[in-house]
Every structure is written in C-alpha cells, then in structure tokens.
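Peer 1: below are the sequence and a predicted model; questions follow.
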Number of protein chains: 2
Amino acid sequence: MRITIRDVARRAEVSVATVSRALGSPDRVSEATRDRVLAVVRELGYRPSPAARSLITGKTGAIAIVVPDLGNPFFTGLLKSVQARARETGHAVLVGDSDEDPATEQELVRTLAKQADGVLLCSPGIDDATITELDGLTSLALLNRRVAGIGATVMDSAGGMREVVAHLAALGHRLAYLNGPDSSWSNHERLRGLRPAAAEHGVEIVELGPFAPRYEDGSPAADQALAAGVTAVLAYNDVMALGVLARLRDRGVDVPGELSVTGFDDLVYAAVSAPPLTTVAMPLAEAGSDAVDLLLAHAATDPAGRVVTELPTRLVVRATTARAPGYHR
Amino acid sequence: MRITIRDVARRAEVSVATVSRALGSPDRVSEATRDRVLAVVRELGYRPSPAARSLITGKTGAIAIVVPDLGNPFFTGLLKSVQARARETGHAVLVGDSDEDPATEQELVRTLAKQADGVLLCSPGIDDATITELDGLTSLALLNRRVAGIGATVMDSAGGMREVVAHLAALGHRLAYLNGPDSSWSNHERLRGLRPAAAEHGVEIVELGPFAPRYEDGSPAADQALAAGVTAVLAYNDVMALGVLARLRDRGVDVPGELSVTGFDDLVYAAVSAPPLTTVAMPLAEAGSDAVDLLLAHAATDPAGRVVTELPTRLVVRATTARAPGYHR
DNA sequence: GTGAAAGCGCTAACAT
DNA sequence: ATGTTAGCGCTTTCAC
C-alpha cells in the first residue's frame, strides 16, 4: 500500500512501463536500465500490488483448495503437498474447510473462485451435477474424485480394497465393511473394489453403516461389527479404524487375536496405534503435486486437456490383521 | 472476470454507484432500488471482483497464516480453527508452510503480507528481531509465541510442563527431557516450566537433544534416553513422543513398566498410541479463533492494543506414565 | 437517494 | 529500448 511503481520509476529515472518490464520481462529492457531499476526496487523494498496486477492480468497468483476437514491428516497431507508445489510455481494457496458440509463446500468454491486462478476440489460429498456447474465458474480440478469432463487426480482405492480383501481372504475371515458417508465418492470406490473382490474370493461380507469418518464414530461402528459376529472389520478410513481400535480396547477385545481390523490412507499415526494398523497407503504427496500441475496447465489452456491421472495405492500389512480364530490353513 | 458491476447497473437501470451502495451500504439506497438491484445481482450471479475492490479499499478480504509444518496436527488444528473463525468474519485464508525453515517463513510472510489484511505467524523458529521487522510490513499477530510489542495468543506450556513434572515427581522418577529445536520459543517455554519445577520437587533431570520435532527423530531420542538411565522421558511434543514409543516398542522396552513417557499437545492420535499417551492438552480451537479476532482488531485500529492472551493448558494422564520401577510410596 | 467522474496501482498496446 | 496512455472493476467524493 505504501510504495508504488511510480516511486521506483521516479527514483530510477525511467517510466513506470520500464519498471514494470524490468520486473516482468527482463529481456525487453537493456541490461543497464534493468540493473538500475532492480537496485532501486531492492533499495525501496518495493513489491508490486497483487491486486492491481490481478485487476489487469486477470490472474491472481493464487490457487485455492477446499477440503471437508482440516482435522483429517489425509486432507492436510494433500494440502501440504499442494502448498509446496504451488510455492514452487509462485502461487499462494487459499484454503477452505467445509466441515464435511457439501453446501459449505459449494459456497467456498464460489467465493474462492474469484480470488484464485483455479480451485482444487477435494469433495467426496458434492453431487456430480453441482460439480459440473461449479466447473463453469473457474478452472476446477478434482482431487480423489472422478466426474465426467473434469480434470482430476485420483488414487486407486478400489485397487487398494481388492488387496485388502485378498489379504483377509487368505487368512480365512468373514468380513464386515464399515461404510463411510453414503454419498461419498471415496466410499463408492471402496465398494467398487470390495464387492467384486469378495465375490471372487468367495468370502462373506456384511456392510454396516454409513458412519461419519470421525474418530468418535469408531465406537458405534466397532459395536456393530462385534454384534455382526464377523472376524475382520474393514474401516472406511484410518481415522475411523483408529476409533474402532480404541473402542475394542475398551471392551477388552483382542486385536488381532479375536478380530482383525484394517484402515485406509496410511496416516503416520496408523503406525503407532495399538497395535500398528494394517492399512492402504495413498500417494498423497504425489497426488497433491500432480493436482496443482493439472490445475495450472488447465488454467492456461482452454478446456482441452481434461486429464484424469490415477495413482497406485499399496497395502501395508502391520499388526492388526492375523489368521481368523479357528482357521488353520 | 465475466459479469461486472456495469452489467448489473444496466440491467437494474441504475448507476454503478448505486449498485455498489446497494451491496456495501444497503441503508444509503431506497428500499425499492435496493431490492431491484439485489434481484438482478442474484439473477446474474454477480460477485464483485475482490481485486478491484481491494485496489481501492486497501483491504484484501483475506488473512494469512504461516506455519512450520502442515504435517503436524498441532498446526493444522490451529489452522482449522483459524479458517473457521475467518470464514465467520468473511475472510479467506491463505496458508504458508515453511517446512520448519525460518528463512522460508520470513519470505512467506513478506509475500503474503501484500495479499492479506494481516498475517498470523506461528513460528517457534524466527528470531525476535526479524519478527519485529516483519511486523512493520503488515499487521502481524503471533500464535504461541511472545515478542515484545506484538499482539499474540499463547498457550501456557510452562504451566503444563510444571504439571507434568509434579505428576512424575509424585511417581518417584528420574527425568530426561528431549529438547525440541534449540532456537524454538516453545522449547524455551517448556524449559521455563521444567527447570524450576524439577528443582522445586527435588527431582533429577537430564536434558537431551535438541531433536527435530519429527516422528522419525523419536528413534535416536529414545535411544539416548535409554542410555541415560532415567525412568521417565518427557518429549518436546506428541509427535516426538509417538516416535519414541515406536522405537521403545521395537527395542522391547515396557512402557510404562520400565520407562514412563510423556508428550505435549494432546493430538487426537495421542489417545490411540500404544499405550495411550500421557500428555498436555493445548486449547487449539480457542487459540486459533482468538488469534483471528486479535489480528482483525489490530488490523482495524492503529498499533494500539498490543494484547497478549494466555490460554490455560491441562495435563492429561493416560497410560504411558506409572510408578518408577522400584518406587513404592 | 442517485449519478458522474476521479482514480486505486499496475500492465499492455501503441508510439517513438 | 523506452515512454505515453488507456483502462482493468470497483468505491467514493462531490454534485444534483
């Protein structure tokens, strides 16, 4: 707000256009003037006003990301990677947390659309039609969600789920799956891997829930799984699985002796739970970085390259899974 | 970028000034005109350009927060609360992650200063002088850090540490403290509580480290603590404590039978570690919200009310602390 | 209560 | 290679 391009121009005895060029396209200015201008810039500590620049270029120099819950390490893992990559490309990062509410998510996208060059939407909850509509407002890229016609970076959760089922089937289990939110795209993906895999391996599977993907919701979920009389429970994600583990411990159930448990996401904290959690690792760092590149590329070109990148996931076997009780193969 | 105030003005058959007023100061327009304008606004889906508005008002409608590590739930807990409160006040949130590098932190503040109405700095690492300098650039508020003359919201870690020491002293322990980063303000605060408390209770205390506050760094820290022959180890924070716990399990050390362990922060995941971690709870939600209010109030008024709010912490005893081996009181 | 007009700080033609 | 100038979309005096 203080020192403007005019101050620099006056001090360097050039026109404002030259200052602008010295900063923006250094090769369109003679070396001598450029050096002089840059010296003054440094001397005065001048930084161009993003608002003024933005007004004319139509670019804000920022990207936005909206997530359902900043309390979930899955999303903050993505966020960390997104902000790192954005910084490399010289973009600031705006963040919106919807608290798992699709309506808020939508409003967030609408607001942030005006303040950013594009928005990364990480929303298992909003319906496809709304997402398509939102896509018109700004350059949009999806994170871990697939909607026809919109660029996205997804992680192969169906594949991860297939690995989990194969692992558990080999141990002789009867399975219960703890559903995440009903309308969640991620939950559908889990099921898309789960059901065929269960059929293929000929294992029983009872579906419970839906449950909110919160730590606290692990308790009722655990209770229901116990009541269902299964030998292994597959939680929608690690946060829920951790909650299940806590409840199981409270109820004195031996994991994995009496009951095996699996999560999804491989949060750092999955490794320190009691016992360490068998789960599916998601390539968060890569996904976040890729999504930024996708968004920026898309923002540059016309709605041409609507790419969808799918990143592989990987089963991580730790200590919450073992042979089913009474299974001796 | 699409539809502007002019489109609305034309359609509502008023001047742009009236549209602006209808939106900004509804009482300076007749009710009839206002309704007509607002109807058109809704019909066209018009949203004022933040850039244009910002250029003239000098306000951006955003605040920024810079933290050392978005991978640490302590900071994302703060972030979540900050973003929630900011949204209530109609502000967007820019986030910067320095990856624990003070130089990056500084650069982040300088950059974000121009794009936000104020920045919330959460930096245990930057030195006081630099912070004071940064304060000149923009309206700055500190989170969990105290620097003379700058508004801040801090949490009473010294007090929390005193509680930990009292707890452990009563159990007959010889203590080791695993230092966080040397230059970290939070670490100094821990020590400020630790040393006098240890003296007061007449307990021994060996200081180890410094260690980076990362999960991985828990391993060497655990090894050193073991070598030091103490009966209880106080980690700088939960992330480190969780790493210590993992290492201890690998080495077959019984916690809390042979060794007691405490953390700091009370991350959700502290409750699911093996065993559940005794730690100090920090009022993250309140701190984040207060910090936003402080920042916004300060941004409004002149550098007048340089307030520092201190929020209380609380010891949470779980299962990683027990009587020292051989102590029978 | 409403409109006309002057910029906010900057970039991008268009001249030179 | 450099300068002049016309706005970007909006808010805000200043008239009416």
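Peer 2: Sure, I can see it. Residues are numbered from 1 along each chain as shown, chains lettered A, B, ... in the order given.
Peer 1: please enumerate the helices of chain A.
Peer 2: For chain A, helices defined by DSSP state H occupy the ranges A:5-12, A:16-24, A:31-44, A:50-57, A:73-88, A:102-115, A:128-137, A:157-170, A:185-201, A:218-227, A:238-250, A:284-300.
Peer 1: got TSV for those, with mean pLDDT, mean neighbour count and distance to DNA strand C too?
Peer 2: Using the backbone N, CA and C atoms, a C-beta is placed for each residue, glycine as well. Formatted as TSV, those follow (pLDDT from 0 to 100; neighbours: other C-beta atoms under 10 Å in any protein chain shown; distance: least, C-beta to the nearest atom of the strand, whole Å):
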stretch	mean pLDDT	mean neighbour count	distance to DNA strand C
helix A:5-12	94	18	3
helix A:16-24	94	18	3
helix A:31-44	94	15	10
helix A:50-57	94	18	3
helix A:73-88	97	24	19
helix A:102-115	95	21	16
helix A:128-137	92	16	23
helix A:157-170	98	21	42
helix A:185-201	96	19	38
helix A:218-227	96	20	52
helix A:238-250	92	25	44
helix A:284-300	89	21	14
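Peer 1: nearest to B:Asp238, out of the ones you listed?
Peer 2: helix A:73-88 (13.1 Å; C-beta to C-beta).
Peer 1: and the closest one, what does it pack onto?
Peer 2: Packed against helix A:73-88 by the contact rule (3 or more C-beta pairs under 8 Å, 6 or more residues apart in numbering or on different chains; DSSP states H and E) you find strand A:62-67, strand A:92-97, helix A:238-250, helix A:284-300, helix B:73-88, strand B:92-97.
Peer 1: can you lay out the helices of chain A as CSV showing distance to B:Asp101?
Peer 2: Converted to CSV, the helices of chain A look like this (distance: least, C-beta to C-beta, whole Å):
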stretch, distance to B:Asp101
helix A:5-12, 29
helix A:16-24, 26
helix A:31-44, 22
helix A:50-57, 23
helix A:73-88, 12
helix A:102-115, 27
helix A:128-137, 35
helix A:157-170, 33
helix A:185-201, 33
helix A:218-227, 36
helix A:238-250, 29
helix A:284-300, 18
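Peer 1: so which of those helices is nearest B:Leu194?
Peer 2: Using C-beta to C-beta, the nearest of these to B:Leu194 is helix A:73-88, at 29.0 Å.
Peer 1: from the chain's centre, how far out does the closest one sit?
Peer 2: Averaged C-alpha coordinates place helix A:73-88 at 8 Å from its chain's average position (C-alpha atoms, centre = their mean, to the nearest Å).
Peer 1: picking that back up, what about the helices and strands packed on helix A:73-88, which gets the closest to DNA strand D?
Peer 2: Closest approach to DNA strand D among those is made by strand B:92-97 (15.5 Å; C-beta to the nearest atom of the strand).
Peer 1: contacts for the closest one next, please.
Peer 2: With contacts defined as C-beta atoms under 8 Å, 6 or more residues apart in numbering or on different chains, strand B:92-97 is touched by A:62, A:79-80, A:83-84, A:87, A:92-96, A:111-112, A:115, B:61-70, B:79, B:82-83, B:86-87, B:105, B:108-109, B:111-112, B:115-116.
Peer 1: now check stretch A:2-13, is it near chain B?
Peer 2: No. Figure legend: stretch A:2-13 not in contact with chain B (C-beta under 8 Å from any C-beta of the partner chain); closest approach 9.4 Å.
Peer 1: give me the contacts around that stretch.
Peer 2: Here stretch A:2-13 has contacts from A:15-16, A:18-20, A:33, A:36-37, A:39-41, A:43-46, A:48-49, using C-beta under 8 Å, 6+ apart.
Peer 1: rerun that using 6 Å as the cut-off
Peer 2: Identification of contacts with stretch A:2-13 by C-beta atoms under 6 Å, 6 or more residues apart in numbering or on different chains yields A:15-16, A:19, A:36-37, A:40-41, A:44, A:46.
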